[in-house]
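# dropping a prediction and its sequence here:
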Amino acid sequence: MGHTIESFSATCNQLLKAEPGPAGREKVRALLSEVLMDDEFISTHFGPDNVDPRKCLYKDEDLGFCIFAHVHTGSKESPPHDHGPQWAIYGQADGITDMNEWVLITAPDGDRPGKVKLKKTYKMKRGDVYLYNEKQLHSPRRDGPTKLIRIEGSNLDFVKRQRFEPIDEVVAAE
């Protein structure tokens with residue numbers, strides 16, 4: 001039997017209730033990787049009728065997390081960012097996203113953006129899913145059409161984010 005948004009969101013709720021914090025989120029991340037390989041789930045939520053760049057598939061009234069389907073039609077590069085006091089899980093449904101992770105060098109101060117150094121870059125392909133916990137800096141880039149599922153700790157439309165600028169220096173691998 002395939003996944004549905006109802007069964008997926010109910011399992012996410014159970015996992016996050018049982019283990020609030022990064023451990024539960026990691027279990028949701030692993031589950032999303034499986035869901036993204038379900039062709040029926042993908043066609044249901046990313047079919048030809050879905051051209052909405054950000055469509056809320058589910059909002060959990062109890063815990064507040066949201067599941068969004070993102071459809072991007074062209075190229076775009078986002079600046080380094082975190083999600084403030086929230087977390088997000090990015091799962092690639094179609095296309096390729098180049099994801100960068102950053103290290104904070106200088107915190108933002110008022111109108112002055114923070115400074116960050118590139119830590120690592122990787123390609124996200126269908127089924128790849130990454131968890132970005134609170135204050136974890138990252139930036140996606142795409143060269144063409146992509147589709148992804150993003151689970152947010154709360155709807156990030158209502159979360160104020162700070163600005164960050166990269167400096168030209170790569171951090172040594174850990």
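Everything's here; your move.
# please count neighbours and contacts with C-alpha atoms only from this point.
OK.
# name the nearest residue to the one residue sitting closest to the centre of the chain, sequence neighbours excluded.
Nearest to the mean C-alpha position of the chain, by CA atoms, centre = their mean, lies Y90 at 2.7 Å. In space, and not counting its chain neighbours, Y90 is closest to R150: 4.7 Å by CA to CA, 6 or more residues apart in numbering.
# just say helix, strand or coil for the one you found.
strand (DSSP: H, G, I helix; E, B strand; the rest coil).
# the helix or strand containing S33 - contacts with which helices or strands?
S33 belongs to helix 22-35 when assigned by DSSP states H and E. Applying 3 or more CA pairs under 8 Å, 6 or more residues apart in numbering; DSSP states H and E, we find helix 22-35 packed against helix 5-18, strand 88-94, strand 129-132.
# can you add mean pLDDT and give the ones you listed back as TSV?
TSV is the format used below for these (pLDDT from 0 to 100):
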stretch	mean pLDDT
helix 5-18	98
strand 88-94	97
strand 129-132	98
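# please identify the most buried of the ones you listed.
strand 88-94 (a mean of 24; mean count of other CA atoms under 10 Å).
# between helix 22-35 and it, find me the angle.
10 degrees (axes from the mean of the first three to the mean of the last three CA atoms, to 10 degrees).
# following strand 88-94, which helix or strand comes up?
Note on strand 88-94: by DSSP H and E, the next helix or strand toward the C-terminus is strand 97-106.
# so what strands line up beside whichever helix or strand comes after that following strand?
Moving toward the C-terminus from strand 97-106, the next helix or strand (DSSP H and E) is strand 114-124. Within its sheet, strand 114-124 is paired with strand 97-106 (antiparallel), strand 164-170 (parallel), according to DSSP bridges.
# pull the CA atoms of strand 114-124 into PDB?
Extracted C-alpha coordinates of strand 114-124, given in PDB (Å, rounded to 0.1, in the frame of the first residue of the first chain):
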ATOM      1  CA  GLY A 114      26.000  38.000   9.900                       C
ATOM      2  CA  LYS A 115      29.100  36.500   8.200                       C
ATOM      3  CA  VAL A 116      29.300  32.800   7.300                       C
ATOM      4  CA  LYS A 117      31.900  30.500   5.700                       C
ATOM      5  CA  LEU A 118      31.100  27.600   3.400                       C
ATOM      6  CA  LYS A 119      31.300  24.300   5.200                       C
ATOM      7  CA  LYS A 120      30.200  21.800   2.500                       C
ATOM      8  CA  THR A 121      28.100  21.400  -0.600                       C
ATOM      9  CA  TYR A 122      26.100  18.400  -1.800                       C
ATOM     10  CA  LYS A 123      23.600  17.500  -4.400                       C
ATOM     11  CA  MET A 124      20.100  16.500  -3.400                       C
END
